[in-house]
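Asker: Fold the following and give me the result.
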Amino acid sequence: MPAEDRKAEIVAALLHLADRIGPDRLTTTDIARAVGVTQAAIFRHFPTKADLWSRVGEVIAGRLEGAWQAALTGHAAEADRLRALVAAQLNQIERCPALPVILHSRELNADNAALRERFRGLLAQYQAHLAGCLEGMSADGEIAGHVAPRDAALILVALVQGTAIRWSLGARSFPLETEGLRLLDVQLALFAGREGPR
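Answerer: I've put the predicted structure just below:
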């Protein structure tokens, strides 16, 4: 198998196993077993575990940035762009359920400063996209004047993360994107100072 294809297979196995057994319990032996190669073969492609996690960060970043860009370019109205950004994020979490657990893992928060910085940068980028949409909505009178777009963006990030954690803890018993967008409508009604949907 070409090296890039094997690397992609290793990353896919890591993401699957991170979801199933948790990123902190995951070993290169687990990954090798899942891929059907030796542990030494894993280290031929990724000399250290940090290198492997770095590639995982690149893959996740590429997927998220691509989804955000599609959301932003696919809609003209700021409210539609905002809704599309939230839907895109929730959809990426549904496609890669390991995302929330990776964000709260020891691997990210204690053992791998480079990965932590990569994800912190991604979060800042997502918040900036949301804040940009909210600024446009504020200028259009769709959000009450006393609501600061940057603060509103932080609340929407928390909404996405909280819904994703609830989905994960609830054995994925509800459609994540549908629930997240329902709550987004409630939150946007509050930002606008009107009664939300029932």
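Asker: CA atoms for contacts and neighbours, from now on please.
Answerer: Fine.
Asker: and this protein, what are its domains?
Answerer: 1-47, 48-192 (automatic domain parsing).
Asker: and the longest one, average pLDDT?
Answerer: Spelled out, it's domain 48-192. Mean pLDDT, domain 48-192: 93.
Asker: Quick check, I93 in contact with L99.
Answerer: Yes - in terms of C-alpha atoms under 8 Å, I93 counts as a neighbour of L99; the distance is 6.1 Å.
Asker: May I see the buried residues of the helix or strand containing G180?
Answerer: Per DSSP states H and E: G180 is located in helix 176-192. In terms of neighbour count (16 or more other C-alpha atoms under 10 Å), helix 176-192 has its buried residues at 176-177, 180-181, 183-184, 186-189, 191-192.
Asker: next one: stretch 52-60
Answerer: Those would be 52-57, 60, for stretch 52-60 by 16+ other C-alpha under 10 Å.
Asker: List the neighbours of it that are in contact with it.
Answerer: 11, 15, 46, 114-115, 118-119 (C-alpha atoms under 8 Å, 6 or more residues apart in numbering).
Asker: Among those, which ones are in helices?
Answerer: Secondary structure assignment by DSSP state H places 11, 15, 114-115, 118-119 of the contacts of stretch 52-60 in helices.
Asker: Drop anything exposed from those residues.
Answerer: For these, buried by 16+ other C-alpha under 10 Å: 11, 15, 115, 119.
Asker: Now do the contacts for the last one.
Answerer: For F119, the contacting residues are 57, 61, 103, by C-alpha under 8 Å, 6+ apart.
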